[in-house]
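Novice: Sequence and predicted structure below; questions after.
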Amino acid sequence: MSRPVLREVRCSRCSRCCAPCCQCPGSAPHRAVWRTRNSGRARHSVGLIDAPKMGKRLAKRDVQPDLILSSPAMRALTTAEIIAKKLDYKLEDIVVDDRLYAGEADDLLIVIHKLGDKLERVMLFGHNPELTELTHRLSSKIAHMPTCAVAEFTFVAKSWSNIGNAKPAKVALDYPKKS
């Protein structure tokens with residue numbers, strides 16, 4: 001009989017993709033166009049500062065993921081790569097998963113549920129609104145995921161398929177502007 005183990009899930013929202021002053025196609029009237037064209041959108045220079053900063057913070061806490069999964073969108077994958085480098089995680093081991101792009105919170109939870117039980121620490125790199133919805137579902141303590149934020153959850157669970165059915169043992173949210 002297997003015993004419960006600690007399972008860590010870190011959900012990271014991608015870095016800022018454009019200057020706040022631009023007419024970003026992610027605004028509500030352009031959401032359908034944004035969803036189809038967003039994969040190749042360039043990231044703003046602020047994102048280039050935020051991702052290394054968050055990677056350094058995670059490295060300082062000795063975060064060592066067994067697996068990093070990323071949306072195929074350029075800004076999510078670039079954020080994942082920048083943070084992976086800070087964590088000494090091999091870039092070629094990052095798994096790109098289409099289900100992390102333009103999905104629903106339920107889709108993200110399915111990705112988590114299907115993880116192999118040999119894994120104990122996983123990071124997901126994705127987008128809003130589904131990341132905020134997922135993190136809020138996992139813990140009501142998180143109501144918003146700023147850009148480049150990392151929500152951290154620790155569960156005592158025999159299997160990844162149990163994640164989301166029980167309260168996490170630990171919840172934390174870190175983001176670039178947090179002091």
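Specialist: Yes, it's here.
Novice: for the helix or strand containing R57, which positions count as buried?
Specialist: Following DSSP states H and E, one finds R57 within helix 45-60. Within helix 45-60, the residues scored as buried using 16 or more other Cβ atoms under 10 Å are V46, G47, D50, A51, P52, K53, M54, G55, R57, L58. (C-beta placed from N, C-alpha, C; glycine too.)
Novice: how many other residues sit next to F125?
Specialist: By other Cβ atoms under 10 Å, 31 other residues sit near F125.
Novice: what bridges to it?
Specialist: F125 forms beta bridges with S12, S70, as assigned by DSSP bridges.
Novice: Isn't H127 up against T79?
Specialist: No. Counting by Cβ atoms under 8 Å, H127 sits too far from T79 to count as a contact (10.3 Å).
Novice: Between these two, which contacts overlap?
Specialist: C14 (Cβ atoms under 8 Å, 6 or more residues apart in numbering).
Novice: who has more neighbours, the two?
Specialist: Shown here are H127 and T79; by other Cβ under 10 Å, T79 has more neighbours (30 against 23).
Novice: Can you name the next helix or strand after the helix or strand hosting the more buried one?
Specialist: For T79, the enclosing helix or strand under DSSP H and E is helix 74-86. Once the chain leaves helix 74-86, the next helix or strand it forms, by DSSP H and E, is strand 95-96.
Novice: And the contacts of that next one?
Specialist: Contacts for strand 95-96 (Cβ under 8 Å, 6+ apart): L67, I68, L69, S70, S71, P72, L77.
Novice: Torsion angles phi and psi at the closest residue to the first one other than its chain neighbours?
Specialist: Take L67 and drop its neighbours on the chain: the residue closest to it by Cβ to Cβ, 6 or more residues apart in numbering is V122, 4.9 Å away. In terms of degrees, to the nearest 10, the main-chain angles of V122 are phi -130, psi 140.
Novice: Who are the contact partners of V122?
Specialist: Shown in contact with V122 (Cβ under 8 Å, 6+ apart): R7, E8, V9, R10, P65, D66, L67, I68, L69, I112, L115.
Novice: does the residue nearest to the fourth one when sequence neighbours are not counted sit in a helix, a strand or a coil?
Specialist: Read that as R10. Nearest in space to R10, with sequence neighbours left out and distances taken as Cβ to Cβ, 6+ apart, is M123 at 4.4 Å. Three-state assignment for M123 (DSSP: H, G, I helix; E, B strand; the rest coil): strand.
Novice: Model confidence for M123, exactly?
Specialist: Looking at M123, its pLDDT reads 98.
Novice: hang on, it packs against R13?
Specialist: No. Under the criterion of Cβ under 8 Å, M123 makes no contact with R13, lying 11.8 Å away.
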